[in-house]
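Student: Give me a model of this one.
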Amino acid sequence: MTERVGHRITGNRTGQSNSRGVGWEFVHVCIDDASRVAFSQILPDERKESAIAFLKAAVAYYASLGISVARVMTDNGSCYRSKAFATTCRELGLKHIRTKPYTPKTNGKAERFIQTALREWAYAIAYPTSDHRAGELPVWLHRYNWHRPHGSLKSKTPISRLGLTEDNLLRFHI
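Tutor: Residues are numbered from 1 along each chain as shown. You can find the predicted model right below:
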């Protein structure tokens, strides 16, 4: 089967799962399987309500780029196994696929994106505050999607895979 933009987004979240104390934040991520266009948000937890809000925001983000999402692949975290998450997927017209337990390579694109985000954004510099780091996430995501060449894309950017015309690019690229 040929990969199509929006055919599948893969999602994950990263944070200190074993700690629920003050100061911990959770980075929810998804990446379009074909284009590698990424979307990410920092949320206070990894509960079903946050996962649902993130899914809705991700689908809206991809729609703003002209990408119609058909499937979402997640790990087997409790937030993704909830009835509320399943209902939201149905309401959005998404087929929900879960990764094979204890097999990170199933969700490899999201896992690789997380490694890159940690190296190039989260821990690239010593941010004075967590709020400052959070404020830099949209800037870094813009660079990642629009300007950073990807080895898996033959040194092209994710946004280049969308086939947008120059007029589209000027509208999106602020």
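Student: How about Tyr127: what's its closest non-neighbour residue?
Tutor: Arg133 (4.0 Å; CB to CB, 6 or more residues apart in numbering). C-beta coordinates here come from the backbone N, C-alpha and C atoms, glycine included.
Student: Tell me if I'm right that the one you found and Ala124 touch.
Tutor: No: using CB atoms under 8 Å, Arg133 makes no contact with Ala124, being 9.6 Å away.
Student: Look up which helix or strand Tyr80 falls in, please.
Tutor: Secondary-structure assignment from DSSP states H and E places Tyr80 in helix 78-81.
Student: which parts of the helix or strand following that helix are buried?
Tutor: Remark: after helix 78-81, the chain's next helix or strand is helix 83-91, criterion DSSP H and E. Buried residues in helix 83-91, counted by 16 or more other CB atoms under 10 Å: Phe85, Thr88, Cys89.
Student: secondary structure element for the residue nearest to the last one when sequence neighbours are not counted?
Tutor: Nearest residue to Cys89, sequence neighbours excluded (CB to CB, 6+ apart): His96, at 4.4 Å. Secondary-structure element containing His96, defined by DSSP H and E: strand 95-98.
Student: Quick check: neighbours of that strand in the sheet, parallel or antiparallel?
Tutor: Here strand 95-98 is paired, per DSSP bridges, with strand 71-74 (parallel).
Student: Buried residues, the partner strand. List them.
Tutor: So, applying 16+ other CB under 10 Å, buried residues of strand 71-74: Val72, Met73, Thr74.
Student: Could you do stretch 151-160 as well?
Tutor: Buried residues in stretch 151-160 (16+ other CB under 10 Å): Thr157, Pro158, Ile159, Ser160.
Student: Perfect, that will be all.
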